[in-house]
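Trainee: take a look and give me a structure for this.
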Amino acid sequence: MKRLILSILLVMSVSFTYAQSGTGVSGQVLDSKTQKPLQSVIATFQNIDLTELTNAEGKFTFTNVPTGSQLLLFKIQGYKDQLVNVDVETGKILDLGVIVMDEDITDEQQLSLVTLTDNDLGDDNSGSENTSGLLQATRDNYQQAAAFNWGQARFRIRGLDNEYGTTMINGIVMNKIYDGRPQWSNWGGLNDATRNQEFTMGSAPSDYTFGGILGTQEINTRASIYRKGSRVSFSGTNTNYTGRVMGTHVSGMNTNGWAFVVSASRRWAEEGYFEGTDYDANSLFVSVEKKINDKHSLNFTSIFAQNSRGKSSPNTKEVNDLMGIEYNSYWGWQDGRKRNSRDKDIEEPINMLSHYWKISDKTKLNTNVAYQLGYVGNSRLDFQLGNNPDPTYYRNLPSYYLNFPDNYVTDVNGVVTNPSADAARTYFLNNSQINWNNMYLANQNSSMPGRSVYALYEDRNDDRQFTANSVLFSSLADNISLNAGASFKKLKSHNYQKMLDLLGGAYFSDIDVFYTGDASQSDLNNPNRQIVEGDEYGYNYNLLANVIDAFTQFKFRFKKTDFYLAQTFSRSEYQREGLYRNGIYANNSFGKGGKVTFENFGFKGGLTYKITGQHLLDFNAAYLSKAPGMRNVFSNARLNNNITPDIDSERVSSMDASYIIRMPKLKLRLTGFMSKIQNATELSFFYGEGLFDEDAVGDGNEDSFISEIVTGMDKKQIGGELGVEYQVTSTIKLIGAASYGQYTYDNNPNVKLNDDAQATATNTNPLTDFGPAYLKDYRLPGMPQQAYSFGVEYRDPHFWWIGANVNYLADSYLDVSNILRTSNFVVESDGIGYAGATPDVVRDILRQEKFDPYTLLNVTGGKSWKIKNTTFGFFASINNVLDTTYKTGGFEQSRKANFPEYQADNAYGTPSFGSKYFYGYGRTYFVNLYVNF
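Mentor: Now for the predicted structure:
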């Protein structure tokens, strides 16, 4: 039935006519400084969806414009939007004369945007990042505040992760199949080249895709739409990099039908804001278009963006109290420089060929094919038969010794001390960084000559993805338009450990030293391998995926009401192919496993009611199912072909309602929203104690390395948002934004644990069901759920400007442990509750930590000079002027997984396995100098 309904909708055609009397409107758009015509300015009548582009002389003409008071918006990159009141009378031709547009100096803020937060909190080696990239280059006041003012605090619009939005380049979706998130670094540093963007908010309609419930971002790289000219800029900052140089040249369309764009940049830092965070990035962009004739054009786009950055560590309160919040345990001195052991390297070039076909004046078809290849690597230290090299390893910290009662002594004066803890504190303060030299010495003095005890490797995934899509744009009638599209993706993702540096040794043994016999072998087909630098080892497998999707969308426009209806269908097929026969899972790790298929659909619709031309009511609603990310489909992909139990598609629904004011001096949007995500799946990995019967596997240790599988998880987001802008005078503008949300877990999902130590020849899927995790009404973590901003901006007629905004952010919560909220925490394996685990005590322990609210003050400004055809200028900003210290996220550790273990770790007030935290930047600056010519 589902397929039948979808098939009917996909082939549905609509026949509708709408007659109205109207007239023509024309005019010319000029640069206010040079008085020269502006070509390719987008002129749009608001609320009636009539759009024209200015020609080479800056002129435009509309026909059949409805009578009455209308708003005409003029928009082009690099200039301030111009909104003009137009009174259209029946039978009269209205000539608006000359419309002048002022250069938008604040456009530099968007071109100079630094991604302020690299979310190491959720860094699962997937290659994609959870940043505010979806928010860049937008004109909505609320979204502007979310990107530039709140982005540094990891604010998320409507409490939604980026996997619920859709990011596209030329209509091709860039969200990764692995986890549904875009990899912003694939086009990082190419701000000039990616400035041509279109956005939708929430589930509002996009011409290019059905989209998600967060919104869509379409980046258009067609060479002919860029403004002709050249640009060079130089930047300095103290955030994740310290320097940037960028250059761009746009040829414009020549008489032979050729246009090209070239852009390149370099970003670097020996050390970013946090200790030991080096940065090195090089980017190159080329777009070439050939206009074959008036109906056909071809465009080739190539994007290369290489990025390498050192990560910073999350730390416990104990470590932060000892070392400060800028401390980073991942680096150490080597040969006079800081060397980071946790680098993230990305190099995934994109090549794309686009065909633009103007079938008729009312119908266009865009077809694109793309091929992306490359790698993402996340490095870390490996060690065998040696001490853990992490300086914050729990046995190196004072808290470990504080939790042993026998370590306390009382002197003759009755003073109680803990000499062991004091010695550990002294040792840690003097040895708080990775000791690279000691690791080299250990390898040189290994008991097995040539064998490295320590080595540096990276978790690596090499992707090869082919994508093809077509998008149809058609005007079926004066007031009815159709958008339709289909796409196909084929992915082969090679995942493995790669040996980077043997640290002075000759080889590394490809075995797991925590196991014996066959179980210790990474690959039984090639046992006892001695690997060298560049070799694959540990785990080695391919993830294969085929994804198809299609959508149709109809938009209807009337004098008082606009509405749209859209529908989509997709089919995702995933498979794992093991390249090693793992010793623990000898019978289900090598070769191809079973295929997993998800078929999904979605419907959405919306209505805009025009109270007047300046006051509108807007409503949107959507319901769709969504395939899980490939990372969640295979429960232990590094070792076997097992499929996550109870895995199924997510069910996603959303609705919002807005009141909108669009006036020349006042712009306002007030929105209420609600969304619900059902049946989500989450995987995580950790060492745990107190999870199984002590020493149940006979290895002399009850610690277990666990794969945690959480299924059937529901989340709910409800709240409101406000964006307002008021032009007090021609030079002074007031800007405000607010967001109030309540984002919670909405049920008690199921938790299963996979313990490799319990695997046998007959038990190839060693799962233990721990029942529900009692998460309902806990807050979703890692983002402010309240955010408020007020700003003032002064733009001088002599082309300089200054602005300031103050922001208050609150209701940010710690990420809670799932396993601690199962019955395992309070009930022994025999069903008897732990002594002392009373409801009040447990409730206090499991209360979710709420971070302190904080206020951030930001100041921005800029100036430009135009000499003939050359513009010189600068942009500068200072964020967090008051140098406020604030937490942006953090997580509970799951190591102590039952009540007695947890109590013992917290007995003396400083746990060894306390929560770990991320902090935002303190006072930072950004300065950009540029020349346009």
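
Trainee: alpha carbons only for contacts and neighbour counts from here, please
Mentor: OK.

Trainee: and the helix ranked longest in the chain, what does it pack onto?
Mentor: Using DSSP state H to assign secondary structure, the helix with the most residues in the chain is helix 419-430. Contacting helix 419-430 under the criterion 3 or more Cα pairs under 8 Å, 6 or more residues apart in numbering; DSSP states H and E are the following elements: helix 398-402.

Trainee: could you list the paired strands of the helix or strand following the helix it packs on along with their orientation?
Mentor: Per DSSP states H and E, the first helix or strand lying C-terminal to helix 398-402 is strand 409-410. When pairs are called by DSSP bridges, strand 409-410 turns out to pair with strand 416-417 (antiparallel).

Trainee: chain center to the partner strand, what's the gap?
Mentor: 49 Å (Cα atoms, centre = their mean, to the nearest Å).

Trainee: other residues contacting it?
Mentor: Contacts of strand 416-417 with the rest of the structure, by Cα atoms under 8 Å, 6 or more residues apart in numbering, involve Y408, V409, T410.

Trainee: quick one: the first one and N418 touch, right?
Mentor: Yes. Taking Cα atoms under 8 Å as the definition, Y408 is a contact partner of N418 at 4.6 Å.

Trainee: what touches both of these two?
Mentor: Common neighbours of Y408 and N418 (criterion: Cα under 8 Å, 6+ apart): L402.

Trainee: and T870, bridged to which residues?
Mentor: The partner residues for T870, given DSSP bridges, come to I867.

Trainee: N542 now?
Mentor: Once the bridges are assigned, which here means DSSP bridges, N542 pairs with H494, E577.

Trainee: now swap in L71 and tell me
Mentor: In this structure, L71 bridges to N85 when assessed by DSSP bridges.

Trainee: tell me the contacts of it?
Mentor: Going by Cα under 8 Å, 6+ apart, L71 touches F45, Q46, L83, V84, N85, V86, G613, Q614.

Trainee: same question, R662
Mentor: R662 sits next to Q614, H615, L668 when contact means Cα under 8 Å, 6+ apart.

Trainee: quick check: bridge partners of it?
Mentor: Here R662 sits in beta bridges with K667, going by DSSP bridges.

Trainee: drop anything exposed from the contacts of strand 416-417.
Mentor: In terms of neighbour count (16 or more other Cα atoms under 10 Å), there are no buried residues within the contacts of strand 416-417.

Trainee: would you format those residues as a markdown table with distance to F598 and pLDDT included?
Mentor: Rendered in a markdown table, the data for those read as follows (distance: Cα to Cα, whole Å; pLDDT from 0 to 100):
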| residue | distance to F598 | pLDDT |
| --- | --- | --- |
| Y408 | 59 | 92 |
| V409 | 63 | 93 |
| T410 | 66 | 92 |
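
Trainee: what about P405, how many residues nearby?
Mentor: The local packing count at P405 equals 11, with neighbours defined by other Cα atoms under 10 Å.

Trainee: and S447, by the same measure?
Mentor: Counted with other Cα under 10 Å, the neighbours of S447 add up to 12.

Trainee: for V453, see how far away it is.
Mentor: As judged by Cα to Cα, to the nearest Å, S447 and V453 stand 9 Å apart.

Trainee: joint contacts of the two?
Mentor: Looking at what touches both S447 and V453 (by Cα under 8 Å, 6+ apart), there is no common residue.

Trainee: so who does I647 touch?
Mentor: Residues counted as contacts of I647 (Cα under 8 Å, 6+ apart) are P628, V633, T681, T711.

Trainee: on the three-state scheme, the first one is what?
Mentor: Secondary structure assignment for P628 (DSSP: H, G, I helix; E, B strand; the rest coil): coil.
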